[in-house]
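J.: whatever this is, show me its structure:
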Amino acid sequence: MKTPIYLDYASTTPVDPAVAKKMAQCLTLEGSFANPASRSHRYGWQAEELVDIGRNQVAELVNADPREIVFTSGATESNNLAIKGAIEANHGKHIVTVVTEHKAVLDPCEVLESRGVDVTYLTPEQDGLIQPEQIRQALREDTALVSVMQVNNEIGVIQDIAAIGQICREAGVLLHVDAAQSAGKLPIDLQQLDVDLMSFSAHKNYGPKGIGALYVRRSPDVRIEAQIHGGGHERKMRSGTLPTHQIVGMGEAFARSQQTMEEERQRIARLRDKLWEGIQDLPGVQVNGSMSQRVAGNLNVSFAGVDGEALIMSLRDIAVSTGSACTSASVEPSYVLKAIGVSDELAYSSIRFSVGRFTTDDDIDHAISHIRQTVKQVRQMNELW
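T.: The predicted structure is shown next:
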């Protein structure tokens, strides 16, 4: 068994070896290394064909038209392109979103606020879920966009984007969904869902970092304003030379997830539940967020009387986090946990465990033993416990 045991899959996933192998074939002179926009020679044609295959693989996972897939540098860029692009193209004056969204949604909204756009921030219930009726009540005549993530990156709860989509479609309002944490883990059918824009990330799904995509619906036609200019690539929505090796990696990663999704979901859910069953009898332990509406691999736990950072430093045999990797340098308690009513004290004592494709039963057994022993030791050092 290799230690520390990696239980931080919600932060990033290791590239699947089969994906890495495919990518390696696109890097050297012997492989398909060329610029896919070079249409004057065979090297370019080969690269363009691989990009087309990757685009199709991404589209197939979510049942979209390949022409609706725009490649970006990751979900952060996709979110920025969707939110800023939709508001600018449609001269929007009002956005509805949720206070527990990823910073890659909240920060673009804040930028737009500084430019005169009104933003309504909805607060979820204590289980982390937004009721669709909250969306309906927040809509105004000048609402241009609603942005709701499908799976929360910290507490793993699953929002009802089907119901939210129906409300938005009836009102003639665009719906953007950040699916960085859900693609490849939950079934997504964009032919059935009333979603207009959806963001994807490769590195959350056993693909490489530095590549993502944005789904932009063609019917009814959705218009967005480009945020990066310089060549008119990706149907003038995102300029820049397409990285063939990364697109190949993202496509292969999404294709493999499509093939194994349900089997993998069941296995990962079993391991996650086993982990919880092994530590839930510890005094002062609670799960944050709904357990019934939750993605398979996520477990966000508060340990009363324990400082989360001190606990993480003591948990030397496992790799976990206190929440979003994008805000892990902050000493503030998680804004997501505070939004669902968790006290500052418990928020500081919370750890996110996330199980993934390469987690084994032995890993979970060792993690349970290590967590129980370490929590006891850390609490003994706390005179107040």
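J.: from Thr360, how far off is Arg316?
T.: 19 Å (C-beta to C-beta, to the nearest Å). To be clear about C-beta, it is placed using only N, CA and C from the backbone, and glycine gets the same treatment.
J.: show me this protein divided up by domain.
T.: 5-12+262-380, 17-255 (automatic domain parsing).
J.: quick one: the strands in the stretch 251-385 of the chain?
T.: Ranges of strands in the stretch 251-385 of the chain, per DSSP state E, counting those that start in this stretch, are 285-287, 298-303, 318-319, 350-354.
J.: repeat that for the stretch 1-150 of the chain.
T.: Remark: strands assigned in the stretch 1-150 of the chain by DSSP E, counting those that start in this stretch are 5-6, 69-72, 94-98, 118-122, 143-147.
J.: could you give the average pLDDT over the first one?
T.: In this model, strand 5-6 has an average pLDDT of 98.
J.: burial-wise, tell me which of the domains of the chain comes out on top.
T.: domain 17-255 (a mean of 20; mean count of other C-beta atoms under 10 Å).
J.: got the end-to-end distance for that one?
T.: 14 Å (C-alpha to C-alpha, to the nearest Å).
J.: centre of the chain to that domain, how far?
T.: What separates the centre of domain 17-255 from the centre of its chain is 10 Å, taken as C-alpha atoms, centre = their mean, to the nearest Å.
J.: the chain should start at 230 in everything you say after this.
T.: Right, with 230 as the first residue, what we last looked at is domain 246-484.
J.: in a markdown table: the strands of the stretch 230-379 of the chain, plus distance to Ile497.
T.: Putting the strands of the stretch 230-379 of the chain into a markdown table (distance: least, C-beta to C-beta, whole Å) gives the following:
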| stretch | distance to Ile497 |
| --- | --- |
| strand 234-235 | 13 |
| strand 298-301 | 26 |
| strand 323-327 | 25 |
| strand 347-351 | 29 |
| strand 372-376 | 27 |
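J.: nearest to Gln495, out of those?
T.: Minimum separation from Gln495 across the strands of the stretch 230-379 of the chain (C-beta to C-beta) falls at strand 234-235, 20.5 Å.
J.: just for this protein, where's the confidence low?
T.: Residue ranges of the chain with pLDDT under 70: 552-560, 612-614.
J.: now with 90?
T.: 230-231, 465, 534-541, 551-561, 608-614 (pLDDT under 90).
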